[in-house]
Structures are given as C-alpha cells and as structure tokens.
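**Student:** A structural model of the following input is requested.
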Amino acid sequence: MFFYHLLWTFIGGPLLFGCRFFGNLRLAERTAIAIPTTRINPGGIWVHALSVGEVKSAIPLVQRIKEDYPGKPLIFSSTTKQGLDLARKEVGRIVDTVITMPLDFWWSYRRVVRLVQPEAFLLVETDVWPGILSDLKSIGARALVINGRVSDHSYKLYKRVPKVAQWLFKNFKLCLMQTEEDRRRLLSIGLPPQKVIAVGNVKFDRPSPPMGDEEREQWRKILGLKEDDIILVAGSTHGQESFSILEVFFELQSRYPYLVLVLAPRKIEQGPELQEAVKSQGKTCHLRSKGGGVGRRPDVVILDSIGELERVYGVGHISFVGGSLVPFGGHNLLEPANFGIPVLYGPHTQNFAWMSDTLELSGGGIRVRDSADLKRSIQRLLEDEELRTGMGRAALAFVKQNQGALDRAMSHIRACIKRGAGC
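**Tutor:** Take a look at the predicted model:
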C-alpha cells in the first residue's frame, strides 16, 4: 500500500489547493475536509453506490436491510452529485445519513471510516478503492460486493495485470455477482471460488409500481401530450446520440404525425441545445425544466430533469435506451421493460451484455445496428400494433422471470453480518 498512498499523495496536492483556495465544496466533501457533523453510532451497515444507476440498484437492498436490521445504523454513500441527490430523495428517510464517498487519500478515507465505524460495507456493482477497503478491514468491518459486474473493458485490464486485480479484490469477504459470466471472469484472474458467487441481478427486484390510468393521464398533462399520441421515449442518450435520435424522429414524424418524442439526455445541461435543434426544424419543443406542457402540444419534450425518466417510460409506447448507439456500454433496460413496452437499443451494450442478449431472445427487445436500423424498427412497431403489444408483454415477462436475486443476496449478507459465519 505504500506506493499506492505515495501516488495519491502526489495527486492530492493540487486537489487540496483547489479545495482550500477556490472554495470547491464538492472537493471539500470528497477529500473529507467537510464531513457530516451528525453523530453516527458504530457497528452499522454502510452501503455505497457510485452514481444514479447504482443508487437505483441499491434501493431495494437498503429497504430490505432496514426491515431485517431495524436497530442497526444504516449509512449510504455515493460519489456523484446526481447519485447523492437521488439517494437523498429515495432513501434519505430510511437511512441514518447520506454521505459523499471520499477520494482514496489515506487522510480522507480514514476520517470517514473512523466516523462511520461500520460492521459491514456493501459495495453495489462497482467502484473499488483499495485504500478505504484496507482501512475498513483494519477495524474489523466485512466488505462485500453486491450485484457485482465485470465489464468488457475492466476484464481486459484485469487480464493484463491479474496480480493487481487480485490486490483490488483481496479485502472483499464475498463477491455476489450478477451472472455466471461475471463470476467466471473473476475466477479467471485468480479469485478463490468460495469467494465469488453468482446470485442474479437485484435490479430485477426493484420493479416500479404499475402505472394506473390516473397517473398516466397526470403525466400526459405534465408533458403536454394528447390521448391519441404515440409516444417514443428515448432515455439516457449521450452527446451526438441525442441528435441522431432527433434526426430519426424528424423523418418518422413526417409520415406519422401522431408520433411524439420524449428525449431524456444523460447530461441534462444538453437540454437547451437540443431544444434549439428541434426548433430549427420548425417543430415545437418543451423543456421539462421550464414547466413542460404549456401551450400547444409539443412534437418533442426534452426531459431535462433528475429522477423522472423511470416513470415517464410508463407513458411510452416504444422505448429506446441510450448509451448504446455510441460506444458507452448502454444503460438499464429494465426500466422500460418493467412497463411492458418494446425496448430498442444499439450495438454497444457491453455494460449490460447478459441483459441485452436475454431480452432480445425473450422477444421483448430489439438490438439495432445504427440509426437507419433504428428508424426501420420503430416504423415496423408503429405500423404493427399487435407486434408492439406482444413485445411489451414479452419484456414484462422477462422482468418477472428473473426476480429473486435480492433474496439470494440477503441470505449471504445475513451470514456475513453474523461475525465469522459464512464469510
């Protein structure tokens, strides 16, 4: 750990300078210069989720832990501002406190670890930092990976330096992985078999409540949409991908005037730029951040808001999940599938490889090659209501058939929290 700490010390100088002299509050939180003043009782359970996607995965886990261990302190952390905002909204009333995950400087994480003093540390999916894991081990806390996955990119790196990969994971008592392929990848770099278990994906155990007619009508009013509109919801689109979706929509709407696009860019700051692109084509466009459905019915609604996309999928008839026409790796396909609508996505879904492959095989999803293929697939669904309905049913069945991972994960977590048992 000496050289690792030395490297972080060299990095830390400029960061601390920026924090102290430029008043960077986020940096102050991440370096633990600013830490919660609320007293946290020791011996609790600390759940960490990197950003928005991981926070969503963690919600059912946090709820179950609170049910099973009502007397234990429960601490939640995230790294990004968006993740922290969502955590405070979704689990803020369940947990004792929500904190920012510190950077892996020894002086930063040590302050936070000594503040929290957990009995168990549960890392959701990814965000492995050896410094804080080593410090948690030194105070007797047991660390587990929950809903773990190994992306193609990470696996390539691990294979090049397997000893480093083993070092990264050595302080975890248990790694509960999403798929057998994720398990196989960790075993191939040298982790012991008893330490790595495939339990499934807990995302399947967090289905959104079904959307009733009243809520659907409320969302239509909020977005300014009509009863007979066919709604295409394109979520979590990245950069140029957002403009590609707009081009596909413009071509389709000239033939299908009842088609409306709800576009949710991954970076909500892109909203005004996208609005200008829509207006330049003579189309009407509303920004959700400006109140949404005011005035005449829009051709496009830009969903530049945090935490609403998941429910908005429920008013859609067709969905596209972004980060997949561009080489990002895709996003969570379960959000639209849970509402029983067809799910379209591009070729770049390596972050959700098993999910995208299996959803396609189930008949609930379509993997498109490019924008032209996306246009053809949407057109086919617009013209064939029976196909659209059948794909929606298959997507919902796919979600239901893969539930149960949370129960399996909790059985291992309970065993590990009983000191010395099962870990």
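**Student:** contacts and neighbour counts: CA atoms only from here.
**Tutor:** Will do.
**Student:** Can you list the buried residues in the helix or strand harbouring Asp182?
**Tutor:** Secondary structure from DSSP states H and E places Asp182 in helix 180-188. Buried residues in helix 180-188, defined by neighbour count with 16 or more other Cα atoms under 10 Å: 182-187.
**Student:** Ok, stretch 74-83 next?
**Tutor:** Result for stretch 74-83 [16+ other Cα under 10 Å]: buried residues 74-80, 82-83.
**Student:** quick one: which two of those residues are the most distant?
**Tutor:** Leu74 and Gln82 (20.4 Å; Cα to Cα).
**Student:** which among the buried residues of helix 180-188 gets closest to Tyr345?
**Tutor:** The closest of the buried residues of helix 180-188 to Tyr345 turns out to be Asp182 (Cα to Cα; 21.7 Å).
**Student:** Now do the contacts for the residue nearest the centre of the chain.
**Tutor:** For the chain, Gly53 is the residue whose C-alpha lies nearest the centre (Cα atoms, centre = their mean; 1.0 Å). Shown in contact with Gly53 (Cα atoms under 8 Å, 6 or more residues apart in numbering): 83, 331-332.
**Student:** would you list these in CSV and tack on pLDDT and secondary structure?
**Tutor:** What follows is these, written out as CSV (pLDDT from 0 to 100; DSSP: H, G, I helix; E, B strand; the rest coil):
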residue, pLDDT, secondary structure
Gly83, 93, helix
His331, 95, coil
Asn332, 94, coil
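**Student:** Pick the one among those closest to Glu67.
**Tutor:** For those, the nearest to Glu67 is Gly83 (23.0 Å; Cα to Cα).
**Student:** Hmm, that closest one is touching Ala58, no?
**Tutor:** No - using Cα atoms under 8 Å, Gly83 is not in contact with Ala58; the gap is 11.1 Å.
**Student:** For the two, list the residues in contact with both.
**Tutor:** Ala49.
**Student:** which residues of the stretch 1-150 of the chain score low on pLDDT?
**Tutor:** Regions of the stretch 1-150 of the chain meeting the criterion pLDDT under 70 cover residues 2-3, 5-9, 11-37.
**Student:** mind listing the strands for it?
**Tutor:** Taking DSSP state E, counting those that start in this stretch, the strands of the stretch 1-150 of the chain run over residues 45-49, 74-78, 97-100, 120-124, 142-148.
**Student:** Tell me the pLDDT of Gly271.
**Tutor:** Predicted confidence (pLDDT) at Gly271: the value is 97.
**Student:** Val278 should be in a helix, yeah?
**Tutor:** Yes - under DSSP: H, G, I helix; E, B strand; the rest coil, Val278 falls within a helix.
**Student:** circling back to that earlier point, elements contacting the helix holding Asp182?
**Tutor:** strand 196-198 (3 or more Cα pairs under 8 Å, 6 or more residues apart in numbering; DSSP states H and E).
**Student:** Can you tell me the strand partners of the strand it packs on and which way each runs?
**Tutor:** The pairing partners recorded for strand 196-198 under DSSP bridges are strand 172-177 (parallel).
**Student:** I would like the residues contacting the partner strand, please.
**Tutor:** By Cα under 8 Å, 6+ apart, the surrounding residues in contact with strand 172-177 are 133, 142-149, 183, 195-201, 409, 423.
**Student:** now for the helix or strand in which Gln379 is found, which elements pack on it?
**Tutor:** For Gln379, the host element (DSSP H and E) is helix 371-383. With contacts taken as 3+ Cα pairs under 8 Å, 6+ apart, helix 371-383 sits against helix 240-253, helix 385-401.
**Student:** between the helix holding Asp182 and strand 142-148, how big is the angle?
**Tutor:** Calculated by axes from the mean of the first three to the mean of the last three Cα atoms, to 10 degrees, helix 180-188 forms an angle of 140 degrees with strand 142-148.
**Student:** Alpha carbons of helix 180-188, in PDB - could you do that?
**Tutor:** These are the backbone C-alpha positions of helix 180-188, laid out as PDB (Å, rounded to 0.1, in the frame of the first residue of the first chain):
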ATOM      1  CA  GLU A 180     -22.200 -16.700 -14.200                       C
ATOM      2  CA  GLU A 181     -20.000 -14.900 -16.800                       C
ATOM      3  CA  ASP A 182     -19.200 -12.200 -14.200                       C
ATOM      4  CA  ARG A 183     -18.200 -14.900 -11.800                       C
ATOM      5  CA  ARG A 184     -16.100 -16.700 -14.400                       C
ATOM      6  CA  ARG A 185     -14.200 -13.500 -15.200                       C
ATOM      7  CA  LEU A 186     -13.200 -13.000 -11.500                       C
ATOM      8  CA  LEU A 187     -12.200 -16.700 -11.100                       C
ATOM      9  CA  SER A 188     -10.100 -16.400 -14.300                       C
END
